[in-house]
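S.K.: this is the structure alone, sequence omitted:
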């Protein structure tokens, strides 16, 4: 079973930022890597699902290691398994084989609620379809993860973050009253308001026009830099991927 | 606590979005239906209890042929109860040369403990509360006695050895139904005057009564004490025993009304299930997102459960308020059905029942989808095709079936009835569903033969087949219930008119002495009256059945005991009445006259559990008579001719001891001669049946109106089901409408299509309702009421047209916003 680390593939494809990624040894023990700043580690991850044609392997034996503060883009054609890999790394679903360590905790050893608690503590999300709650205002949407985590000053923090994304005057608006770009800015505010250790972004500019997409990309990287958050980004957008420290290519469920 | 606050904030936000509106409406209608009936029944029960105490003039009453022991009164006073004594006897009273047999009722100063004595200054005048009893030396005579004696207020009347002054005219007293006989005129006197009258001598027939009243707990304790200490000759009566027929009628009416309101509740349950299904579909993304953001499965379940609890509380408040208003209206509509002029206040218990029902409906019909909702995987945020795993069948339907079963059982509290009703309901719903499915299928076949708008509408019906069937059945049931009652009402009225001849006897003449029979008949006929047969009447008690004393027999039917122990009206006759039909045994032949035989009515046979050949022993004026049941008769009581439950052959009873009764039809002109009749035959009592007949009709009308009002809730529930169904298809409709308009359809075409769909839905529900109501009305009229059934196409057409209009209008109003939304917005949103 071939084990390909993200770092070794980056090196093979001549990543522009390979100097930065080169500090990670190809076959490093993940437990050891956690000790020197690894925030996310995947070991021999596979995901198989049943289909009318029989079992289908969507992610095939993927191992990778991402350091704290690093930004990593996963690129590849549609159906390559990028979003499934993201779901596995975030603990949204469990692998058929292998394991994921997030902040040193084995996600496969946790139950659904344990994984949710871990996400509440150290994970943020930005989605292609924004996934704002239509019944809630912009402010209420941003307050939501803080409320779930039981923060006392949820409102103040949410207002401050909305101000950072330039929506201080849109706090009482409902998603349907906001443009696509504004909705994604609310989603960014929601993702960063908890100051997560890792931010997972799934095609964050996929539903936006080029100009708005570029602005949202800019904002995403600015906020990421300010918060020193680890960013794992799945995208088709080459420009967006190019802004990441590391780019991983995926095809037919494998990292190339 | 944190999750409660969070859930309530979410509820507020959800409320703003209008997602929970239909759910709240469904629960509100269910709670309103149940609490409305609950409030009304509690008020009727309280009124009946009050009425019953008035019949006794007390809470507890002891009747005996011997004076009541002083110890009983001492014990009652110790318990803090009030008491009074009465003595009741028949005697002839005199005013100069004129004399009249009177029922003399002597009372102590505390009488009556419950109810009021009404008096007036003139005979036959409107009574006023007396505010006490006659003082010593004074008597109050009733109007008939005063008229028969030719006396007036201020006259001196001899009662036994005492001369007493007529102080006022007695109009009524609360316990007048329980005296020797209601046919004898009566007078009320102070018990302190009794010794002066010397009426009570050894061997006198006097009925002594002790009356007790007080708070519920000491009365209950005192009753227990009395039961242990009472002499065998004494008879103890309390509220339950005072009016067993009324109580059992109220019991049956409350069961029926509660069951009727349950129809609305069950339809609302369907709306709750539909709303919950939409809630599930609309919240899959939210739950997945909440989980992604770190919410545990328990938290998502708690959030939704708490939200629903909030909705249940709101629905309880709104429903109970609506129910209270509805019962106030119902109580107004039913005024006059009960003797009480104003109903006592309603109990608050129905609010609790309404709240519990709302929670139960949610638990049975909404929790299973919500449980499923909590199982939505977080990964749905990335892949929208992934939903929660399908629920186990037991989990999906078990709670709903359990809640329906529990609700029906609660309404009936009788396992046998529960089994029958549940089985009946299952068959009924299955039949309606099958009929609904057939109608939808038939309508879908018409698609090819109609224009574009109707094709679109009918196609929608066929495509959402399950929803369509549920809506047709829900609406059909609501309209069917209302239509059935309308049909039954007109059938009853029409049936009566058809059955009753124009010269239906409208006056009864009772207490005709044997030697005055010919004179009475002659007088009536000379004034143009059409008389019916004249039958003798005697009073007697049933002493034993097949040798067993009635006191030792346990009767299954509560009415059995009452009918077995009460004083019976008996007659003898050679010929079977034209309005009687022998259903078992044979009517006696001439050769059997004088033989110890008896013929009983089916009611008597049923209540006492009698069979042909059973031996009945009667105590008639001191004589014992044992007879064999020779035949059982079905009597048409509504012929308004003299009829008896118990009839003997001629030659068996002593003729001289009875009186006679007859009935006659008198025109209004002929009725004017009744004043002269009363003067000539003062002992004969005249009963005006015109009033009774109109009273019965009016009571029936009011009762049907009350039930119809309850079924309005059923119609509202049907409307709620429609709204729930429309809401669950709203996104789909919005998308379809946008697509059609993008393809060039005008807004008017789409509107016509939507109207066509709901008009078709209404028409199918109308057909189901009209057919179902006609079949049910046929069954009830011919099999239960034994009247001739005539199909009423007019009422059916009104029901059908009402269904089409109501459903089309409601459906159009509910879908209007979805159709009117600009297509671009919808197509951009993607759903």
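M.R.: Yep, that arrived. Everything quoted here is computed from the prediction, not taken from an experiment.
S.K.: what's the average pLDDT for the biggest helix by length in chain B?
M.R.: For chain B, the helix that runs over the most residues, judged by DSSP state H, is helix B:244-292. Mean pLDDT, taken over the full extent of helix B:244-292, equals 79.
S.K.: same for the helix or strand just after that helix, what does it pack against?
M.R.: Stepping forward along the backbone from helix B:244-292, the first helix or strand reached (DSSP states H and E) is helix B:297-333. For helix B:297-333, the helices and strands in contact under the criterion 3 or more CB pairs under 8 Å, 6 or more residues apart in numbering or on different chains; DSSP states H and E are helix A:112-122, helix B:2-17, helix B:21-56, helix B:244-292, helix B:349-361, helix B:367-373, helix B:689-728. Every C-beta, even on glycine, is put in place using the N, C-alpha and C of the backbone.
S.K.: winner for burial among the ones you listed?
M.R.: Across those, the average number of neighbours (mean count of other CB atoms under 10 Å in any protein chain shown) peaks for helix B:21-56, which reaches a mean of 25.
S.K.: and chain A, is that one touching that?
M.R.: No - Helix B:21-56 stays out of contact with chain A when judged by CB under 8 Å from any CB of the partner chain, the minimum separation being 12.8 Å.
S.K.: relative to helix B:244-292, how tilted is that helix?
M.R.: Interaxial angle, helix B:21-56 versus helix B:244-292 (axes from the mean of the first three to the mean of the last three CA atoms, to 10 degrees): 160 degrees.
S.K.: pLDDT averaged over helix B:21-56 - what is it?
M.R.: The model assigns helix B:21-56 a mean pLDDT of 80.
S.K.: so it versus helix B:349-361, what angle?
M.R.: Using the same axes, to 10 degrees, the inter-axis angle of helix B:21-56 relative to helix B:349-361 is 150 degrees.
S.K.: confidence score at the residue nearest to residue B:31 when sequence neighbours are not counted?
M.R.: Excluding its sequence neighbours, the residue lying closest to residue B:31 (CB to CB, 6 or more residues apart in numbering or on different chains) is residue B:319, at 2.6 Å. Looking at residue B:319, its pLDDT is 92.
S.K.: can you check residue B:594 too?
M.R.: With respect to pLDDT, residue B:594 scores 90.
S.K.: name the nearest residue to it, sequence neighbours excluded.
M.R.: The shortest distance from residue B:594 to any residue other than its chain neighbours is 3.3 Å, reached at residue B:651 (CB to CB, 6+ apart).
S.K.: dump the residue contacts of that neighbour.
M.R.: By CB atoms under 8 Å, 6 or more residues apart in numbering or on different chains, the contact set of residue B:651 is B:572, B:593-594.
S.K.: wait, is residue A:62 part of a strand?
M.R.: Yes - the assignment for residue A:62, made by DSSP: H, G, I helix; E, B strand; the rest coil, places it in a strand.
S.K.: quick revisit: do I have it right that the residue nearest to residue B:31 meets residue B:25?
M.R.: No - taking contacts as CB atoms under 8 Å, residue B:319 lies outside contact range of residue B:25: 9.9 Å.
S.K.: so which elements touch the helix or strand containing residue B:399?
M.R.: Under the criterion of DSSP H and E, residue B:399 resides in helix B:393-412. Applying 3+ CB pairs under 8 Å, 6+ apart, one finds that helix B:393-412 contacts helix B:244-292, helix B:349-361, helix B:367-373, helix B:415-445.
S.K.: flag every buried residue along that helix.
M.R.: Neighbour-count burial for helix B:393-412, with 16 or more other CB atoms under 10 Å in any protein chain shown as criterion, is recorded at B:399-400, B:403-404, B:407-409, B:411-412.
S.K.: what is the nearest of the residues you listed to residue B:448?
M.R.: The shortest approach to residue B:448 among the buried residues of helix B:393-412 belongs to residue B:400, at 38.3 Å (CB to CB).
S.K.: now that closest one, nearest residue through space, not along the chain?
M.R.: By the measure of CB to CB, 6+ apart, the closest residue to residue B:400 outside its immediate chain neighbours is residue B:364, 4.6 Å from it.
S.K.: so what's the residue count around the closest residue to chain B within the stretch 151-256 of chain A?
M.R.: Of all residues in the stretch 151-256 of chain A, the one sitting closest to chain B is residue A:202 (6.0 Å; CB to the nearest CB). Using other CB atoms under 10 Å in any protein chain shown, residue A:202 is surrounded by 23 other residues.
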